[in-house]
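**Student:** Show me how the following folds:
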Amino acid sequence: MKAKFRPLYDRVLVKRIEQDEKTPTGIIIPDTAKEKPIQGEVLAVGNGAVLENGTVRPMGLKVGERVLFAKYSGTEVKIDGEEYVIMRETDIMGVLE
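**Tutor:** Sure, this is the predicted structure:
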């Protein structure tokens with residue numbers, strides 16, 4: 001990533017991971033029929049959520065982890081011509097291991 005971007009609080013910067021263009025049976029999926037990927041790689045994380053008592057709850061995610069998230073979650077942004085998604089940590093359903 002060329003530009004430096006640091007999410008605030010409990011937000012995460014994710015780059016979508018494109019899915020295969022073929023189905024397991026060998027059918028090629030055209031671009032117009034593709035759905036948005038729901039997998040991504042965490043590129044940056046904030047410091048954590050600020051709780052009511054003023055303490056900061058650390059993030060449970062790390063840079064480089066592959067995650068699953070809802071299809072329409074987060075906000076899509078372009079940074080230096082690349083498309084990313086910024087979302088809250090709670091929008092992420094899980095980490096792929």
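
**Student:** which stretches of this protein form strands?
**Tutor:** Remark: strands assigned in the chain by DSSP state E are 11-16, 39-45, 48-50, 56-58, 66-69, 75-79, 82-88, 92-96.

**Student:** The first one vs strand 82-88, what angle?
**Tutor:** Read it as strand 11-16. Strand 11-16 and strand 82-88 are oriented at 140 degrees to each other (axes from the mean of the first three to the mean of the last three C-alpha atoms, to 10 degrees).

**Student:** So in that sheet, which strands flank strand 11-16, and in what orientation?
**Tutor:** strand 39-45 (antiparallel), strand 82-88 (antiparallel) (DSSP bridges).

**Student:** Now do the first one against strand 75-79, angle only.
**Tutor:** If you take the same axes, to 10 degrees, strand 39-45 sits at 70 degrees to strand 75-79.

**Student:** mean confidence score for strand 39-45?
**Tutor:** For strand 39-45, mean pLDDT is 90.

**Student:** The last one too?
**Tutor:** Model confidence over strand 82-88, given as mean pLDDT, is 90.

**Student:** Give me the buried positions along it.
**Tutor:** Buried residues in strand 82-88, defined by neighbour count with 16 or more other C-beta atoms under 10 Å: 84, 85, 86, 87. Any C-beta I mention is one placed from the backbone N, CA and C, and that applies to glycine too.

**Student:** Turn these into JSON lines, columns for distance to residue 5.
**Tutor:** Below are those laid out as JSON lines (distance: C-beta to C-beta, whole Å):
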{"residue": "84", "distance to residue 5": "8"}
{"residue": "85", "distance to residue 5": "12"}
{"residue": "86", "distance to residue 5": "9"}
{"residue": "87", "distance to residue 5": "14"}
